[in-house]
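In: Here is the input, now give the coordinates:
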Amino acid sequence: MLEIARAYVDVEVGRALAVAERSNKKLGKVELRVQKRAQRLAAKARLKVDKQRTREEKRTARLAEKERIKADRIAEKELRQVEHDRLKQQRMALKHELESERRRLREATRKRPARQLRSTSTACARPSRGAATCPPPAPPPLFVHKRKRDGQIESSRVARAPPTVTNGAAAPLTTALPSRHRRKPPSPRK
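Out: Numbering: from 1, shown residues only. I've put the predicted structure just below:
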């Protein structure tokens, strides 16, 4: 009990000394102004730090939101691209399928070329055992040089025209043909 009383007394003595010290130390007006000014500056500094911290938090939140939106846009763009590629592949597959179906129909409805008979001309026949087939004669060319074509036309006209008789002899055919297409006069028979 004695120790408890002593501890109580020590606490009370400490309090009394603190009160006495405070009452002895009276601040002057200048010191009070300085102390209040220091308190105001400290409060202002704390407020500034708090504002800066909230501004930084808002900024980081905005940046995080921008990054999230950007990532969402990129993901959406990739999804659209994948869908576009898939649809394009479907269209191409359908197009190829349609083309192959058209080709099959065209081949099914196409007339087969008629079988050509073998030529009986002696120029194409070979004396060997195998039957020879001559290639079909080539059609005349569609586009021929004009002078050549005119010469051929004239020569065919002259060949078709009946020979004119003068003094009982046939007129030579070389008079109406151009110089390139002249035939040699027939040699007299012996």
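In: Next SSE downstream of whichever strand or helix holds residue 5?
Out: If you go by DSSP states H and E, residue 5 is part of helix 2-24. Next along the chain after helix 2-24, taking DSSP H and E as the criterion, comes helix 29-109.
In: Which secondary structure element of the chain has the lowest mean pLDDT?
Out: strand 169-170 (a mean of 54; mean pLDDT, DSSP states H and E).
In: Point out where the protein drops to low pLDDT.
Out: Low-confidence segments of the chain, defined by pLDDT under 70: 21-27, 113-136, 140-190.
In: one more time with 50, if that's ok
Out: Residues of the chain meeting the criterion pLDDT under 50: 177.
In: Buried ones in the helix holding residue 5, by neighbour count?
Out: Within helix 2-24, no residue is scored as buried using 16 or more other C-beta atoms under 10 Å. For every residue, glycine as well, the C-beta is placed using N, CA and C.
In: Could you do stretch 99-106 as well?
Out: Under 16+ other C-beta under 10 Å, stretch 99-106 has no buried positions.
In: CA atoms only for that stretch, dumped as CSV, please.
Out: What follows is stretch 99-106, C-alpha atoms only, in CSV (Å, rounded to 0.1, in the frame of the first residue of the first chain):
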residue,chain,number,x,y,z
GLU,A,99,-17.9,-21.5,-109.1
SER,A,100,-17.2,-25.3,-108.9
GLU,A,101,-21.0,-26.0,-109.1
ARG,A,102,-21.3,-23.7,-112.2
ARG,A,103,-18.3,-25.4,-113.8
ARG,A,104,-19.8,-28.9,-113.1
LEU,A,105,-23.1,-27.8,-114.6
ARG,A,106,-21.3,-26.2,-117.6
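In: Please renumber the chain so that the first residue is 437 from this point on.
Out: Understood, numbering begins at 437; the last thing we discussed is stretch 535-542.
In: ok, and what's touching it?
Out: Around stretch 535-542, nothing counts as a contact under C-beta atoms under 8 Å, 6 or more residues apart in numbering.
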